[in-house]
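In: This is a predicted model, with the sequence first.
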Amino acid sequence: MGFASEYLKSEIKKQFSEITKKLDHDVDCIVGDLRKGQGADLGKDIDKVMKYIVEAEKAIPYIEFARENAHRIKRSTDNSVKAAEATEKASVIGSALNPAAAAIGFATSFIKAVLKKEAKDLEDVINVVPAITGNFKGFLKRSKGKIIAALAEKALKDKNIENRTNMVG
């Protein structure tokens with residue numbers, strides 16, 4: 001994998017994977033505690049996780065910016081491939097009279113192959129980024145929804161307990 005595509009992959013992984021793991025654990029703990037009836041002291045934790053979700057949403061524009069930069073790098077790489085092809089053609093013509101030009105042509109073919117691979121790798125990563133960011137947005141939305149649903153469920157349970165107490169007493 002090329003340098004630019006490897007960098008983009010590592011940024012995506014760093015931004016989304018770490019956030020997803022931490023958030024998934026925190027949300028599961030909060031939802032589990034709410035279902036167990038331990039909601040009295042969870043207010044601060046819920047606020048902290050909701051703020052973390054808002055902060056996590058700020059990572060999406062950062063990744064989109066990196067994707068735009070990768071597009072620019074890919075265009076530059078594509079232009080470099082064209083330049084390498086032109087150099088290779090010129091060195092083939094010049095190699096008939098000069099052995100150094102033949103060596104340059106040979107080296108240019110390697111450079112061209114590396115540049116083509118880099119462009120392909122970048123394109124593959126660039127094409128995957130929208131799906132990854134979409135999945136991440138969905139994950140954040142589901143996480144908020146889990147907490148809200150657990151809070152609503154707890155409120156309903158508390159209300160039912162209160163109604164039972166009022167009926168008996």
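Out: That came through, no problem. All figures in this text were calculated on a predicted structure; none of them were measured in a lab. Numbering: from 1, shown residues only.
In: quick one: least confident helix or strand in the chain?
Out: In the chain, the helix or strand scored least confidently by mean pLDDT, DSSP states H and E is helix 3-12, which has a mean of 76.
In: pLDDT weak spots in this protein?
Out: Along the chain, the parts satisfying pLDDT under 70 run over 1-2, 39-40, 168-169.
In: what angle do the longest helix along it and helix 3-12 make?
Out: Taking DSSP state H as the criterion, the chain has its longest helix at helix 99-168. Counting by axes from the mean of the first three to the mean of the last three C-alpha atoms, to 10 degrees, helix 99-168 lies at 10 degrees to helix 3-12.
In: Which secondary structure elements does helix 99-168 sit against?
Out: helix 3-12, helix 18-36, helix 43-57, helix 59-94 (3 or more C-beta pairs under 8 Å, 6 or more residues apart in numbering; DSSP states H and E). C-beta here means a position set from N, CA and C on the backbone, and glycine is covered the same way.
In: deepest of these, which one?
Out: helix 3-12 (a mean of 17; mean count of other C-beta atoms under 10 Å).
In: who's in contact with it?
Out: 1, 62-63, 66-67, 70, 73-74, 77, 118, 121-122, 124-126, 129, 132 (C-beta atoms under 8 Å, 6 or more residues apart in numbering).
In: make it 6 Å
Out: With contact meaning C-beta atoms under 6 Å, 6 or more residues apart in numbering, helix 3-12 is reached by 63, 66, 70, 73, 121-122, 125, 132.
In: Kind regards, and thank you for your time.
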